[in-house]
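Asks: quick check, what structure comes out for this input:
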Amino acid sequence: METISKIVKSIDDIVWGVPMIIILFGTHLFMTFKTGFIQRKVFKGIKLSVTKDPDSPGDVSQFQALTTALASTIGTGNIIGVGTAIYLGGPGAVLWCWLTGVFGIATKYAESLIAVKYRVKTKEGKMLGGAMYALERGLNMKWLGIIFALCAAFASFGIGSGTQINAIAEVIENNVTFITIPRWTIGLVAAVITAVVIMGGIQSISKVCEKLVPVMALFYVLGCLIILTMNYDFIIPAISCIVKLAFTPGAVGGGLIGQGIMIAARYGIARGLFSNESGMGSAPLVASAAKTKNSVRQALVSSTGTFWDTVVVCLMTGLMIVSTILKNPDINISDIENGGQLTTAAFSQIPVLGPAILVLGIISFAYSTTLGWSYYGEQCVEYLGGRKCVFVYKIIFIITVALAAVVSIDLVWDIANVLNAFMAIPNLVAIILLSNVIKEETKKYINDIDKEDTTPVPIIEK
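Replies: From the prediction side, this is the model:
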């Protein structure tokens, strides 16, 4: 296991080196320019997300598609991921994580747009879409679509179940002290609950996410706001610390150390992508199932996921952690063993309720992410082998959930990072090569958002 860990860590260091950071962040900037700074329409997207469009073609409502995507993105990346970024890259990683979210809104918009534009329909009326269909139908690059689908299907076992269930086991083990719960028991219970939902398909998954996501997000944000209120006199110093250490090496109170721009950027961008998944091609897999009049309408809705996930929640988490360490000199980062412990230390400021909010937050975030990613994997498996392979995939996914609780968390995170990179590359190719299509579609619909797209959706054999 130690040898495997070293190999995976070496691959992780390579794929998340300077080239990947440049490609990913460069795509965010390029699409921001190409879409005419679509971030300015984020509040329009928020309004559309709660506007029903029942008569349009699709399997789920726009809000259900958004909450299912948010279920997959608002997860351990917002809690443990941000803490890990600070632990490995210093406080400056928070700024890079946030910037990845701000500019990533344009990429999330772009990838969702082409997912809806090039989606197809099965004989049963089910909508299928995503980067693989955009690559196949928009660029005649089915071979690259197959690579994306393979990477995404395997990624669903890492980012979708491995890291999430492992995080649940970790937080229960560290915070539930009145009873000892074996990790294998946690994995087994999670597997059973997951099986009950995912066997019902996208309708079942979206109904659970529609109710769970708003409640869990509000619950977690309220906890962050309470802590930030308690740390009000250290918020400005925390912001100063984050900005300063994003570009220069140095040290501040509590053992917080900045190791320079490349280290901060690497971990900040990597965790930012893990958190909001902009550019990875995951959220478009469910966006393509939404009931929407045209591609731009759903793309705007989908782009708000990155806003909520990173621009709001990840920033609040980062500020909460850094301000807590600055305020409490007895918390020394050199005594911390992993990023999750940083978040735990911050929530411990709230007497009694703090640990409870953290435990319930991680459990609900991680579980909802597992549900969303099971659908992503299902879509990719159906593209690769047809509907007949989906049941087998679900069984393997459920088994993975059961086993993930007892695997080394460092290895799980490294595997997830590698799979994220391998999945993102084909998707970024689709976005960049179809950027002119994205620009034209935006011009066509952005000022007439209720305009019907009369282009027929192809019916395929699956």
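Asks: let me know the next secondary structure element after the longest helix seen in the chain.
Replies: Counting by DSSP state H, the longest helix found in the chain is helix 353-385. Following helix 353-385 in sequence order, the next helix or strand is helix 390-404 (DSSP states H and E).
Asks: please pull out the lowest mean pLDDT helix or strand from this structure.
Replies: Using mean pLDDT, DSSP states H and E, the weakest-scoring helix or strand in the chain turns out to be helix 76, at a mean of 67.
Asks: can you name the next helix or strand after that helix?
Replies: Counting by DSSP H and E, the next helix or strand C-terminal to helix 76 is helix 82-89.
Asks: what does that next one rub up against?
Replies: 93-94, 96-97, 256, 259, 263-268, 270-272, 275, 314, 317-318, 321-322, 333, 336, 338-343, 413 (C-beta atoms under 8 Å, 6 or more residues apart in numbering). (Glycine included, C-beta is placed from N, CA and C.)
Asks: how does it look with 7 Å?
Replies: 93-94, 97, 263-264, 266-268, 271, 314, 317-318, 321-322, 336, 338-340, 342-343 (C-beta atoms under 7 Å, 6 or more residues apart in numbering).
Asks: next one: it to chain centre, how far?
Replies: How far helix 82-89 lies from its chain's middle: 16 Å, per C-alpha atoms, centre = their mean, to the nearest Å.
Asks: the inter-axis angle of whatever helix or strand comes next after that helix versus helix 82-89?
Replies: Under the assignment DSSP H and E, the closest C-terminal helix or strand after helix 82-89 is helix 92-117. On the basis of axes from the mean of the first three to the mean of the last three C-alpha atoms, to 10 degrees, helix 92-117 is oriented at 130 degrees to helix 82-89.
Asks: who are the packing partners of the helix or strand following helix 92-117?
Replies: Counting by DSSP H and E, the element after helix 92-117 in chain order, helix or strand, is strand 120-122. When contacts are defined as 3 or more C-beta pairs under 7 Å, 6 or more residues apart in numbering; DSSP states H and E, strand 120-122 sits against strand 127-128, strand 459-460.
Asks: quick one, helices of the stretch 101-250 of the chain?
Replies: Ranges of helices in the stretch 101-250 of the chain, per DSSP state H, counting those that start in this stretch, are 131-133, 139, 142-157, 163-175, 183-198, 201-230, 235-245.
Asks: with adjacent residues omitted, what lies nearest to the most centrally placed residue in the chain?
Replies: In the chain, the residue lying closest to the centroid (C-alpha atoms, centre = their mean) is Thr73, at 2.8 Å. Nearest residue to Thr73, sequence neighbours excluded (C-beta to C-beta, 6 or more residues apart in numbering): Asp309, at 4.7 Å.
Asks: does that neighbour touch Ser72 like I think?
Replies: No: contact criterion C-beta atoms under 7 Å: Asp309 and Ser72 do not qualify, at 9.7 Å.
Asks: related to what we said a few turns ago, got the helices and strands packed on strand 120-122 as a markdown table, with mean neighbour count, distance to Asn166 and mean pLDDT columns?
Replies: Formatted as a markdown table, those follow (neighbours: other C-beta atoms under 10 Å; distance: least, C-beta to C-beta, whole Å; pLDDT from 0 to 100):
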| stretch | mean neighbour count | distance to Asn166 | mean pLDDT |
| --- | --- | --- | --- |
| strand 127-128 | 21 | 30 | 90 |
| strand 459-460 | 12 | 37 | 84 |
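Asks: same list (the ones you listed) but as TSV, adding distance to His28.
Replies: Formatted as TSV, those follow (distance: least, C-beta to C-beta, whole Å):
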stretch	distance to His28
strand 127-128	27
strand 459-460	32
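Asks: quick one, which of the ones you listed is nearest to Ala217?
Replies: The minimum distance between Ala217 and the helices and strands packed on strand 120-122 falls on strand 127-128, with 26.1 Å, by C-beta to C-beta.
Asks: mind checking how far that closest one is from the chain centre?
Replies: 21 Å.
Asks: that strand packs against which elements?
Replies: Short answer (3+ C-beta pairs under 7 Å, 6+ apart): strand 127-128 packs on strand 120-122, helix 353-385.
Asks: about what we covered before: and the residue nearest to Thr73, what pLDDT?
Replies: On the pLDDT scale, Asp309 is placed at 86.
Asks: what kind of secondary structure is it in?
Replies: Reduced to three states with DSSP: H, G, I helix; E, B strand; the rest coil, the structure at Asp309 is helix.
Asks: if I look at it, how far off is Leu95?
Replies: From Asp309 across to Leu95, the span is 16 Å (C-beta to C-beta, to the nearest Å).
Asks: likewise for Ile46?
Replies: Relative to Leu95, and taking C-beta to C-beta, Ile46 is found at 24 Å.
Asks: these two: which has the busier surroundings?
Replies: Leu95 (21 against 16; other C-beta atoms under 10 Å).
Asks: helix, strand, or coil at Met31?
Replies: helix.
Asks: quick check: closest non-adjacent residue to it.
Replies: Excluding its sequence neighbours, the residue lying closest to Met31 (C-beta to C-beta, 6+ apart) is Ala106, at 4.1 Å.
Asks: residue contacts, the one you found?
Replies: Applying C-beta under 7 Å, 6+ apart to Ala106 gives the contacts 28, 31-32, 35, 38-39.
Asks: could you rerun that using 8 Å?
Replies: Neighbouring residues of Ala106 by C-beta under 8 Å, 6+ apart: 28, 31-32, 34-35, 37-39, 303.
Asks: most neighbours among these, which one?
Replies: Counting neighbours by other C-beta under 10 Å, Ser303 leads the contacts of Ala106 with 32 neighbours.
Asks: leaving out sequence neighbours, find the closest residue to that residue.
Replies: Leaving aside its chain neighbours, Ser303 sits nearest to Tyr109 (3.9 Å; criterion: C-beta to C-beta, 6+ apart).
Asks: neighbours around that neighbour, how many?
Replies: With other C-beta under 10 Å as criterion, Tyr109 counts 30.
Asks: ok, Val215 next?
Replies: 10.
Asks: what separates it from Ile242, distance-wise?
Replies: Taken as C-beta to C-beta, the span from Val215 to Ile242 is 29 Å.
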